[in-house]
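*Asks:* Return atomic coordinates for the entry below.
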Amino acid sequence: MKAKIIILSLLIFFGSNLLYSQIIKDYGVKIGLTSSNIYVRNLKPIVDGNSTYYVNYPSGQLISPTISLWAKLIENKIIDLEIETSYILKGMSEAQTVHMSTNPDGPFIEEKYDFSLTLKYIQINLNSQIKYDVEKIKLYGIVGPAVSYLLVNENFLMDKNKRKKIILGYNLGLGIDFSNLIDKNVFIEIKYNGDFTSFYSENADVWNKVLVFSIGTKF
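*Replies:* Residues are numbered from 1 along each chain as shown. Okay, the predicted model is just below:
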């Protein structure tokens, strides 16, 4: 039994090193912030008996931390191909004032409530990085597909059967690599992360839209 464990460990060790040397050119980590919001399409009225009404979806920026692990699969002078796995929060947050009273004639008391929606995703991005050097600074454009898997949602009343666990999307952005300027493996990126489909559909189609600001390094 011990011999099998040793052999298996050696196979995993040498196999992972061979895979790394053949496929992965560089790897590292990114940390940053997201600024996210939602937008609504195809809003439909809700009919309840003789009453018809619309749901008012709050809309405000949700600022959240994010972290990613990345690896370069292709690397040359013109274009790189990067795979990136991110833990990312999407949604919205908006403070609203509600006037409340036990008496219809008043007095009224103002109460502030934070209406928020937090969607926690694991997201896999396949980013093409088109490079352009400006003296010692490396600029690169970012474009590529993304797949998001919903882990959990918080503080939002919605039918679980009508939310979508897997969302296909895309990234568009710009990066700046400072490694030739400061002799450190440091870069910054800004990306817009959009979706091809809504994440929730009932009386309306609700979509995510996210800006991602990050700073990264390679190991």
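*Asks:* moving C-terminal of the lengthiest strand in the chain, what's the next helix or strand?
*Replies:* The longest strand of the chain (DSSP state E) is strand 109-134. Sequence-wise, the next helix or strand downstream of strand 109-134 (DSSP states H and E) is strand 137-154.
*Asks:* Can you name every helix or strand that that following strand contacts?
*Replies:* strand 79-100, strand 109-134, strand 166-177, helix 179-182, strand 186-195 (3 or more CB pairs under 8 Å, 6 or more residues apart in numbering; DSSP states H and E). The C-beta positions use only the backbone N, C-alpha and C, and glycine is treated the same way.
*Asks:* just the angle between the last one and strand 137-154, please?
*Replies:* For the pair strand 186-195 and strand 137-154, the angle between their directions (axes from the mean of the first three to the mean of the last three CA atoms, to 10 degrees) equals 50 degrees.
*Asks:* chain center to strand 186-195, what's the gap?
*Replies:* 10 Å (CA atoms, centre = their mean, to the nearest Å).
*Asks:* just to revisit the earlier point, could you pull out the buried residues of the longest strand of the chain?
*Replies:* Residues of strand 109-134 classed as buried by neighbour count (16 or more other CB atoms under 10 Å): 115-121, 123, 125, 127-129, 131.
*Asks:* so can I have JSON lines of these showing pLDDT and distance to I83?
*Replies:* Formatted as JSON lines, these follow (pLDDT from 0 to 100; distance: CB to CB, whole Å):
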{"residue": "F115", "pLDDT": "70", "distance to I83": "36"}
{"residue": "S116", "pLDDT": "74", "distance to I83": "31"}
{"residue": "L117", "pLDDT": "80", "distance to I83": "28"}
{"residue": "T118", "pLDDT": "85", "distance to I83": "26"}
{"residue": "L119", "pLDDT": "88", "distance to I83": "22"}
{"residue": "K120", "pLDDT": "92", "distance to I83": "21"}
{"residue": "Y121", "pLDDT": "95", "distance to I83": "16"}
{"residue": "Q123", "pLDDT": "96", "distance to I83": "11"}
{"residue": "N125", "pLDDT": "96", "distance to I83": "7"}
{"residue": "N127", "pLDDT": "95", "distance to I83": "8"}
{"residue": "S128", "pLDDT": "95", "distance to I83": "11"}
{"residue": "Q129", "pLDDT": "96", "distance to I83": "12"}
{"residue": "K131", "pLDDT": "92", "distance to I83": "17"}
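*Asks:* And the furthest pair within those?
*Replies:* F115 and K131 (42.6 Å; CB to CB).
*Asks:* Could you report the pLDDT at the closest residue to S179 other than its chain neighbours?
*Replies:* With sequence-adjacent residues excluded and distances taken as CB to CB, 6 or more residues apart in numbering, S179 is closest to N185, at 5.2 Å. Here, the pLDDT recorded for N185 equals 86.
*Asks:* Return the residues in contact with N185.
*Replies:* Neighbour list for N185: 28, 179, 217-218 [criterion: CB atoms under 8 Å, 6 or more residues apart in numbering].
*Asks:* who touches the closest residue to S116 other than its chain neighbours in this structure?
*Replies:* Of all residues not flanking S116 in the chain, S93 sits nearest, at 4.1 Å (CB to CB, 6+ apart). Shown in contact with S93 (CB under 8 Å, 6+ apart): 60-63, 114-118.
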